[in-house]
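In: Fold the following.
(one chain, ligands or ions: 1)
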Amino acid sequence: MEHILKRNFGYSQFRPCQKEIIEQVLGGRDCLVVMATGSGKSLCYQVPPLVTGKTAVVISPLLSLMQDQVMSLKQRGIKAEHLGSSQTDQSVYSKAESGVYDVLYMTPEKACMVPPRFWGNLLNVGMCLLAVDEAHCISEWGHDFRKEYKQLDVLRGVLFNVPFIGLTATATEKVQNDIVQSLKMTDPYINIGSFDRQNLFYGVKPCNRTQSFQEELVAKILKYKASGGSTIVYCTTVKDTEQICQLLRDAGIVSGIYHGQMGSKAREESHRSFIRDEIQVMVATIAFGMGIDKPNIRCVIHYGCPKSLESYYQESGRCGRDGLASVCWLYYSRSDFSKADFYLSDVQSENQRKAIMESLIAAEKYCLIASCRRKFLLQYFGEHKSGDCGNCDNCSRTKVERDLSKESYLLLACIKSCGGRWGLNMPIDILRGSRSRKIIDNSFDKLPVHGHGKDNTTTWWKGLAGLLTAHGYLKEVIDDVYRKISVGPRGMQYLRDSNLLYQPPLVLELTSEMIVEEDHGAHKYSIENLNSSVTLESERFSEAEKKLYDILLDMRMELAKDNGTAPYAICGDQTIIKITKIRPSNKARLANIEGVNQLFVMKYGDKFLETISNASLELGIFLNGETNTVTITPKKVLTSGQKNLNPAKFDTWKMWQMGKVSLKEVAKLGRTGPIKEQTVISYILDAAETGSEVDWARFCMEIGLTLEIISQIRSAVTKIGSRERLKPIKEELPETVSYEHIKTYLKMEDLKESAGEVFECKSSSSPEAVNGGNINPWNGQDHESPAKKIRTGTEENEEKITELEASGSSILDFIKNHDGVSLSEITGYFSGSNADNVADLLDSLEAEFLIFRKTDLFRAM
Ligand SMILES: Nc1ncnc2c1ncn2[C@@H]1O[C@H](COP(=O)(O)OP(=O)(O)OP(=O)(O)O)[C@@H](O)[C@H]1O
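Out: Numbers count the residues shown, from 1 in each chain. Below is the predicted model of the structure:
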């Protein structure tokens, strides 16, 4: 299975739980998979069809989601399509039932509508699973119930012996049971993973619509835009989407808009532009939700508190799906918490009203806590996390703790006096000394605490109430749609221990909202907090790497346009970051990068390698993962002699000498297409003649010019007595000595390059360097007998009998017979071949995806 993972998805290992789930599905067992957003659930149904050669049918709620997934799978060499009313290709239906597709997507409506004959035909050719994605939609207890999902059980009566797999990121225990029952799963394998999205930073801020908030929003968005990533701003109303979108556009940020009041065409277009990186910022209502499968969303901003923590988790979970550090900011205003009427408008059942109110209160609490947000979020989903996360605003900011005993006493006493019949506004108004009609009518102006809390704002008091509730001093009950506040047991005990003049210390951590209120100038706090602790991976680049990264992003964009797909479908940002860091010089190295699959290498490999090679030269950075900058910049070595070189020769020399690209690779890449290796050699010799620096040791090693050959050429030249014509020299030499060997020898002689130095000092990788080789055939000094240095022909023949020579197929066979072999084991086994040749052969096998490397061991695909 690992080879499928590498070949099609470009990954070298499964994430936690993926393999176990796939094995269960392959064993024919139903599965329920509850795993965090972006954790890689899709792979659990995408790999089995590739293992079995049978179709996987996937039920998905949204057309846009299906289309995006189909697009991504096609870029991975996987046959995928969707079947539904929007499918314009008429042949898809018949192809689907004859098993052409590995993965076939359908909406639940479509799945229930296709005639049994379709399923019968597909079953005959082979169907390996039915996956129900976003399975929480099945449950009325879920936050996104869809009645069409409820009908999927009818498929049980048609799809005998096909395992069903339900997948979701958000399912409480109730919802999990509902999924199992609705899909009639028998003895399912249940996998409940962690909800924790460690790469996400969570932050919350109170906001108003002042200019400082607008400036902050614009600055935040610009930061993530600059990293090449995308941002979604979720608003609670259509009006807000329009306003925020306009605000961003006025600030020069190209932004898209998406909400339910737009026509379907306009929405599709907006979605399409976002997915294809034509716009980097989307301002949307939650209508733009589940269908977003874009991996490089770096920032999700909620402008307004969401209606529940489930929806917040889902929506914020669109962020950082590629695993890179990303941020989720939630801006709320107090008025958001009194929107129950808005959410309850068309709810019929009492249970659902209660559920909605409870959800809203949980979301409010999330906004108001002063402790670790992640811990709170995870606890809500029933997961315990020990210790604070260190990756949320509350964990990152300097904590402000204070003894709030006096204020707490006042609030508790006031709430107790109100008798639990009111919401929070009444006791706060009393404390602040209001003489409203309600207060007078209820004689609350006579209370001893009346007017004792004037020094703090209403919002500050609400912040304190939130803290006291979180610590169990206060409790909130829901009465129909009204929220009533009363003193909890802990608060009653506190009141018993206190009086107006004395209260036991009560040290609490102030919420950011309370700090802002005390600060009066909320501005300072908010701007300071603006730069969350998240460091984007791309921020770790050197200047040159940043430029290369941008070049590669632009190129990916161009390739995506040419291929009618989204840039992320070609490869993810994380892969581009790795490519930028590694700067592979050949296809094997490219193929070995995490996230690079076979189709990518075949389709885009040449283009990427060429761009990397050229850009690295321009930017003065080495290929193959070297991080140090070239000491001599290309400009410096551009001598007057080089100016005489034509562009083809100069570029070839630059690529080889400066870029350290091998002769073979330079020939493959060429300047405007592949050229012969002999041409590359002659270009470099011409460059040497014009004064360009040439690493002779590397050059000789690459063309196979050894001391023995040099000595033979020298003898031949002496014998002929002239070096004007090459042909007579060649005729004096063995077949194995090429014209390139002769030309190089002569050029080195012209340039007075000392072969002794070349082989002895400069190239430790040269075989002759190992043997010593203190010879210098140019100045006529004698050298040690070749017999001492180089094996005689007889010895060589004898050794060939015992020492195995490597070839592509013999290495492949060797690797196939082992469960992982190291490079040294392979070179040791093929001791009859030069280690560099073996490495070259391994490179080619890797580039062709016949082998792959995992933890430095080679394995066959
Ligand atoms: N084994 C793996 N190694 C590296 N990346 C992986 C692996 N498996 C999946 N991914 C990547 O993780 C990202 C998220 O995967 P996927 O879309 O399957 O998430 P999901 O769990 O379905 O999320 P959601 O519930 O939000 O739809 C994708 O970019 C995917 O290619």
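In: near the ligand, which residues of the chain show up?
Out: 11, 14-15, 18, 35, 37-43, 169, 293, 295, 317, 321-322, 572 (Cβ under 6 Å from any ligand atom). Any C-beta I mention is one placed from the backbone N, CA and C, and that applies to glycine too.
In: Sort out which of those residues are in strands and list them.
Out: When the residues of the chain next to the ligand are checked against strands (DSSP state E), there are no matches.
In: and those, which of them are in helices?
Out: Judged by DSSP state H, those include 18, 43 as members of helices.
In: Buried ones only from the residues of the chain next to the ligand, please, as a PyMOL command.
Out: To isolate the buried members of these in PyMOL, using 16 or more other Cβ atoms under 10 Å:
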select buried, resi 11+14+18+35+37+38+39+40+41+42+43+169+293+295+317+321+322+572
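In: Tell me which residues of stretch 846-861 come out buried.
Out: Buried residues in stretch 846-861, counting neighbours by 16+ other Cβ under 10 Å, are found at 846, 847, 848, 849, 850, 851, 852, 853, 858, 859, 860, 861.
In: Distance-wise, check the residue of the chain positioned farthest from its centre relative to residue 330.
Out: Here the centre of the chain is the reference, and by Cα atoms, centre = their mean the most remote residue is residue 721, at 66.2 Å. Distance of residue 721 to residue 330, given as Cβ to Cβ, to the nearest Å: 88 Å.
In: do the same with residue 28
Out: 43 Å.
In: which of these two has more neighbours?
Out: Between residue 28 and residue 330, counted using other Cβ atoms under 10 Å, the more crowded position is residue 330 (26 against 11).
In: For the more buried one, identify the helix or strand it belongs to.
Out: Per DSSP states H and E, residue 330 falls inside strand 326-332.
In: What pairs with that strand, parallel or antiparallel?
Out: strand 200-206 (parallel), strand 297-303 (parallel) (DSSP bridges).
In: quick one, which of the ones you listed is packed in tightest?
Out: Of these, the one with the most neighbours on average (mean count of other Cβ atoms under 10 Å) is strand 297-303, at a mean of 25.
In: contacting residues around that one?
Out: Identification of contacts with strand 297-303 by Cβ atoms under 8 Å, 6 or more residues apart in numbering yields 207, 217, 220-221, 224, 227, 229-236, 240, 244, 312, 315-316, 318-321, 324, 326-332, 536.
In: go on, stretch 170-184?
Out: 30, 32, 34, 132, 135-136, 138-143, 149-150, 152-153, 156, 164, 166, 168, 185, 188, 190, 192, 195, 310, 313-314, 381-382.
In: Next, the buried residues of that stretch.
Out: Buried positions in stretch 170-184, judged by neighbour count with 16+ other Cβ under 10 Å: 170, 171, 172, 175, 176, 178, 179, 180, 182, 183.
In: how about that stretch as PDB, C-alpha atoms only?
Out: What follows is stretch 170-184, C-alpha atoms only, in PDB (Å, rounded to 0.1, in the frame of the first residue of the first chain):
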ATOM      1  CA  THR A 170     -17.600  16.400  14.100                       C
ATOM      2  CA  ALA A 171     -19.800  13.800  15.800                       C
ATOM      3  CA  THR A 172     -20.800  13.700  19.400                       C
ATOM      4  CA  GLU A 173     -21.600  10.200  20.800                       C
ATOM      5  CA  LYS A 174     -25.300  10.700  20.000                       C
ATOM      6  CA  VAL A 175     -24.400  11.600  16.400                       C
ATOM      7  CA  GLN A 176     -22.000   8.600  16.100                       C
ATOM      8  CA  ASN A 177     -24.700   6.200  17.200                       C
ATOM      9  CA  ASP A 178     -27.100   7.800  14.800                       C
ATOM     10  CA  ILE A 179     -24.700   7.300  11.900                       C
ATOM     11  CA  VAL A 180     -24.200   3.600  12.800                       C
ATOM     12  CA  GLN A 181     -27.900   3.000  13.000                       C
ATOM     13  CA  SER A 182     -28.900   5.000  10.000                       C
ATOM     14  CA  LEU A 183     -26.400   3.200   7.700                       C
ATOM     15  CA  LYS A 184     -27.300  -0.100   9.300                       C
END
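In: Looking at the stretch 51-200 of the chain, which residue is nearest the ligand?
Out: Residue nearest to the ligand within the stretch 51-200 of the chain: residue 169 (4.0 Å; Cβ to the nearest ligand atom).
In: That residue touches residue 318, doesn't it?
Out: No - counting by Cβ atoms under 8 Å, residue 169 does not reach residue 318; the two are 10.7 Å apart.
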